[in-house]
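S.K.: Here's a sequence, model it:
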Amino acid sequence: TQGAQAAYQSIQELNQRYPDEPRVLALMADILAKADEPGGAIRVAQRALRINGETTVLSAKEQGELHFTLGKLMRQGGQLDQAIHNLSEAARLTPQGIDIYLELGMAHRERRQYTEAMEAYQQAAAAAPKDYRPYNEMGLTLRDNKDYLGAERMLRRAAEMAPNDPAVHRSLAAVVALNLLHNRRDTVHNISA
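M.R.: Presented below is the predicted three-dimensional model:
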């Protein structure tokens, strides 16, 4: 209630009193992540998981949240193998979370593992069938894999679900143009052959 700086000072005081308490470390990692301190958040989250491995204080949900934080920060930092590992652990521990699957899909897409990315997005769509984001991400993944027809189908579905999101409509317009250009080249190539 008093802002990020006050929260950080409070959690530091708690950490000084209870340096090996996984819940305090988990809260500290969350505060550091929100304060845009990814390096500190990663170190603290890893320490919380390491200590928890010895004491088993954290619930599966709490462990999943720590793995999600680690995975998200590592993906943003370009550490894709570690991101995928942590996000997979988060999905195993808390399988109902759409954001976990979206992050996992993005990490796979950044590694150009399109099949694995699509599987993660399909799990996200199953977890939240009315959310447009999995379809948007599937469309972008199919675009990256040069499946412009499939990309257009997914982006159209996302656009129907999010009619007021300009980013989705821009992506759809770009894929429609790529689709027209690509299909025109195939048609011209087939005619000249």
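S.K.: C-alpha only now, for contacts and for neighbours.
M.R.: Will do.
S.K.: Distance from the chain centre to stretch 45-57, please.
M.R.: 23 Å (CA atoms, centre = their mean, to the nearest Å).
S.K.: Now that stretch - C-alpha only, CSV.
M.R.: Only the C-alpha atoms of stretch 45-57 are listed here, as CSV (Å, rounded to 0.1, in the frame of the first residue of the first chain):
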residue,chain,number,x,y,z
ALA,A,45,14.0,-17.3,-6.5
GLN,A,46,16.7,-19.9,-7.2
ARG,A,47,17.7,-19.7,-3.5
ALA,A,48,14.1,-20.1,-2.4
LEU,A,49,13.7,-23.2,-4.5
ARG,A,50,17.1,-24.6,-3.4
ILE,A,51,16.2,-24.1,0.3
ASN,A,52,12.7,-25.5,-0.2
GLY,A,53,14.2,-28.6,-1.8
GLU,A,54,15.8,-29.3,1.6
THR,A,55,12.8,-28.3,3.8
THR,A,56,9.7,-28.6,1.6
VAL,A,57,7.9,-25.6,3.0
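S.K.: Please enumerate the helices of the protein.
M.R.: Listed in chain order, the helices of the chain (DSSP state H) span 4-17, 22-34, 38-55, 60-76, 80-93, 98-110, 114-127, 133-144, 148-161, 166-192.
S.K.: Can you lay out the ones you listed as CSV showing mean pLDDT?
M.R.: Below are these laid out as CSV (pLDDT from 0 to 100):
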stretch, mean pLDDT
helix 4-17, 71
helix 22-34, 87
helix 38-55, 89
helix 60-76, 94
helix 80-93, 96
helix 98-110, 97
helix 114-127, 97
helix 133-144, 97
helix 148-161, 96
helix 166-192, 77
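S.K.: Now mean neighbour count too, for these, in a markdown table please.
M.R.: Below are those laid out as a markdown table (neighbours: other CA atoms under 10 Å):
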| stretch | mean neighbour count |
| --- | --- |
| helix 4-17 | 14 |
| helix 22-34 | 22 |
| helix 38-55 | 18 |
| helix 60-76 | 23 |
| helix 80-93 | 21 |
| helix 98-110 | 25 |
| helix 114-127 | 21 |
| helix 133-144 | 25 |
| helix 148-161 | 22 |
| helix 166-192 | 15 |
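S.K.: and Asp36, backbone torsions?
M.R.: Dihedral pair for Asp36: phi 60, psi 50, per degrees, to the nearest 10.
S.K.: nope, Gly97 is what I was after
M.R.: Dihedral angles (degrees, to the nearest 10) for Gly97: phi -80, psi 110.
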